[in-house]
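>>> Generate a structure from the sequence data that follows.
(one chain, ligands or ions: 1)
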Amino acid sequence: MISLQGLTKRYGERLAVDGLSLALRPGTVTGFLGPNGAGKSTTMRMILGLDRPTAGVALIGGRPYHQIKNPLCTVGALLDARAVHPGRSGEAHLLALARSNGIGARRVGQVLETVGLGGAARKRAGTLSLGMSQRLGIAGALLGNPAVLIFDEPVNGLDPDGVRWVRHLMRELAAQGRTVFVSSHLMSEMQLTADHLVVIGKGRLLADAPLADVIDGGTLASVVVRSPYAGDLAGRLRAAGMAVRRVAENELEVTGAALDRVGDAAFDAGIRLHELSVRSASLEQAYQRLTADSVEFGAQTTGAEA
Ligand SMILES: Nc1ncnc2c1ncn2[C@@H]1O[C@H](COP(=O)(O)OP(=O)(O)OP(=O)(O)O)[C@@H](O)[C@H]1O
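Numbering: from 1, shown residues only. Now for the predicted structure:
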C-alpha cells in the first residue's frame, strides 16, 4: 500500500507536485494520468526515494523508502528502461540487483522467463530494442516478488502483442493482491487496464476515483434514444428540462437525465421507442475535460469542441 500525505516538490519557483494526498490500495491497478509536466515522474521518484520531497511524505507499507530493508522485496519499479549499463547483459544486470537485495540467483532465470527474455538473457543491454529493455526493466521490478509495483509508462516502445502482455501482467499482479501504480499517456490503454484512476494537472490532484466514476463524472455520458417519432419526443424531453440533440432523423442524444427518466417520459407521452441506451464517454473525453485547464504544453484549441 502506498500513502502520500501532502507530498510536495518545488524546483525553484516551480511547484512540480503540490500537496498530493492519496492512498493506493492493494489488489488494484491504479492508473496515473496527467498531461506532460504534470508531475507524475516526480511523484514516482519521491515514492522511490530518488527525489526528496520539499514537504509531506510518501510511505510504502507505512515507511519511507529509505527505511525499507532490501527494498526490492517490498517495492519494484520501472522508471527508465534505458537506465541499465549498456555493456552488461540483462542477466548480469539482474544478478547484480538480486545480490544487492539478498535475492537468490535462481529468481533471475524465473523473472527472465516471465517477461519473455529467456533467450536474450546474455545479450548486452545496449543492444536490446526499447521493447526488450522495457521487458528487462519489468523483470527487475518483479525480482524481489514485491507487494507494491510502480511502472512509469511501461508500454512505451512495445508492439501490440507487448502492450497486451503488459496489460495482462498488470491485471494478474493486482489479482494476486499487489498494489500496482502505473502511469501512461495512453488513455485507451488505461481504460482497459486500470480499476482506479489518479489524475493530476500542474502537480495538483484532479481526480482520485474508480475508473467508471472518472468517466461518468467528467462528461459526456448521454442517453441515446431512437424512435420513429423523434421530433415529438424531443419536444417532450425538452419540456421536461432535458438537453436534447437530434443526431439523425430517428435518433436523439439526451444529456442531463438518467436513462429511466427518458424512458418514463416517452412512455407517458405514448411514444414508441426502438432504442434506449446509455453511451458512456471515453476516458479520453473525460480526461480532456478534467485536464483542460492544466495542459501546459498543449496546442491551443481554436475551433469548437470536436
Ligand atoms: N530536476 C528538475 N529540475 C527542475 N525542474 C524539474 C526537474 N524535474 C522535473 N521538473 C519540472 O517539474 C514538473 C513536473 O515534471 P515531471 O517530469 O514530474 O512531469 P510528468 O508528469 O512526469 O511529465 P511527462 O509526462 O512529460 O513525463 C515539470 O514542469 C518539470 O519541468
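
>>> Is the closest residue to the ligand within the stretch 51-200 of the chain part of a helix or strand, or is it coil?
For the stretch 51-200 of the chain, the residue closest to the ligand is His185, as judged by CB to the nearest ligand atom, at 6.5 Å. For every residue, glycine as well, the C-beta is placed using N, CA and C. Three-state call for His185 (DSSP: H, G, I helix; E, B strand; the rest coil): coil.

>>> my guess is it meets Asp152, correct?
No. Judged on CB atoms under 8 Å, His185 makes no contact with Asp152 at a distance of 10.8 Å.

>>> between those two, which one's more packed in?
Asp152 (22 against 14; other CB atoms under 10 Å).

>>> Tell me what that one is bridged to.
Ser183 (DSSP bridges).

>>> tell me, how many neighbours does Leu273 end up with?
16.

>>> residues touching it, list them.
Val225, Arg226, Ser227, Gly263, Ala266 (CB atoms under 8 Å, 6 or more residues apart in numbering).

>>> Show the contacting residues for the second one.
Counting by CB under 8 Å, 6+ apart, Arg226 touches Asn250, Glu251, Leu252, Leu273, His274, Glu275, Leu276.

>>> Let's see that with 7 Å instead.
Contact analysis of Arg226 by CB atoms under 7 Å, 6 or more residues apart in numbering lists Asn250, Glu251, Leu273, His274, Glu275.

>>> Quick check: the third one is in a helix.
It refers to Leu273. No. Using three-state DSSP, the assignment for Leu273 is coil, not a helix.

>>> What distance do you get for it to the ligand?
Separation of Leu273 from the ligand (CB to the nearest ligand atom, to the nearest Å) stands at 45 Å.

>>> Can you report phi and psi for that residue?
phi -110, psi 150 (degrees, to the nearest 10).

>>> related to what we said a few turns ago, how much space separates the residue of the stretch 51-200 of the chain closest to the ligand from Tyr65?
25 Å (CB to CB, to the nearest Å).

>>> Could you do Arg88 as well?
Relative to Tyr65, and taking CB to CB, Arg88 is found at 24 Å.

>>> and what of Leu276?
Leu276 is 52 Å from Tyr65, by CB to CB.

>>> swap in Leu142?
18 Å.

>>> neighbour-wise, which of those two wins?
Taking other CB under 10 Å, Leu142 and Tyr65 do not tie; Leu142 has more neighbours (22 against 17).

>>> what's the neighbour count on the nearest residue to that one once chain neighbours are set aside?
Using CB to CB, 6 or more residues apart in numbering and skipping the chain neighbours, the partner closest in space to Leu142 is Val111 (4.8 Å). Residues near Val111, counting by other CB under 10 Å, number 25.

>>> How about Pro86?
Around Pro86 there are 11 residues (other CB under 10 Å).

>>> Correct me if wrong: it contacts Gly126.
Yes. Contact status for Pro86 versus Gly126: in contact at 2.7 Å, counting by CB atoms under 7 Å.

>>> Once you drop chain neighbours, what's closest to Leu136?
Gly90 (4.7 Å).

>>> any idea how far that neighbour is from His66?
Distance from Gly90 to His66, by CB to CB: 27 Å.
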